[in-house]
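> Sequence below, structure please.
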Amino acid sequence: MNNIIIEEARVEDAQKLLDYMKIIGGETDNVTYGKEGIGLSLEQEENFIRTNRESTTDILLLVKDGDEIVGTGNFTAPKRERLKHRGGIGMTIKKSHWGQGLGSKLLKCLIDFAKNEAKAEIIALEVRTDNERAIRLYEKFGFKIVGRITGLMKIDGKFIDCHMMELIL
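Sure thing, here's the model as predicted:
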């Protein structure tokens, strides 16, 4: 774990990122996709990364252990004047790297970007109501549960409820 870095995704990371998403989708039901991944082509993923790199309000971060992607985090904010004060985050950490503090480090980077670069005032996220580990992490950073979304995900025919959480910056 000595080679852990958190950096902004680059276009040349696109294929590794697509492969990583398939791994994550296969090892946990805490994400909105399965082992098939996110369903983007290499070209679409490269364009997504390019767009994020050019944005002043969006970022895609990678957690790397050497050359291996072991986590991702993104912050996205709307461009419209009446909505741009609020953005959303999403995070993943590979199961092999759980319990090593990487989620905390990644979340701190995302909050810092949202506050200092994107000038967001509120960060929102959705998390499965049974994902106690993630809920504790978010609460540690000041996020509060503000609502519940019934059946946000459907996995194997079963509806999965999610909490809506927010952090006022």
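> Point out where this structure drops to low pLDDT.
Scanning the chain for pLDDT under 70 picks out the ranges 1-2.
> Can you show me the helices along it?
14-27, 42-54, 102-116, 132-140 (DSSP state H).
> Any chance of a markdown table for these, columns mean neighbour count and distance to residue 71?
Where C-beta positions appear, they are placed from N, C-alpha and C, glycine not excepted. Shown next, in a markdown table, are the helices of the chain (neighbours: other CB atoms under 10 Å; distance: least, CB to CB, whole Å):
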| stretch | mean neighbour count | distance to residue 71 |
| --- | --- | --- |
| helix 14-27 | 17 | 9 |
| helix 42-54 | 15 | 16 |
| helix 102-116 | 18 | 5 |
| helix 132-140 | 15 | 12 |
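> would you list those helices in JSON lines and tack on distance to residue 123?
What follows is those, written out as JSON lines (distance: least, CB to CB, whole Å):
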{"stretch": "helix 14-27", "distance to residue 123": "21"}
{"stretch": "helix 42-54", "distance to residue 123": "17"}
{"stretch": "helix 102-116", "distance to residue 123": "5"}
{"stretch": "helix 132-140", "distance to residue 123": "10"}
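> Just give the nearest non-adjacent residue to residue 10, would you?
residue 49 (6.8 Å; CB to CB, 6 or more residues apart in numbering).
> Hmm, the one you found is touching residue 18, no?
No: contact criterion CB atoms under 8 Å: residue 49 and residue 18 do not qualify, at 10.7 Å.
> right, so of the helices of the chain, which gets closest to residue 75?
Among these, helix 102-116 comes nearest to residue 75, with 5.0 Å by CB to CB.
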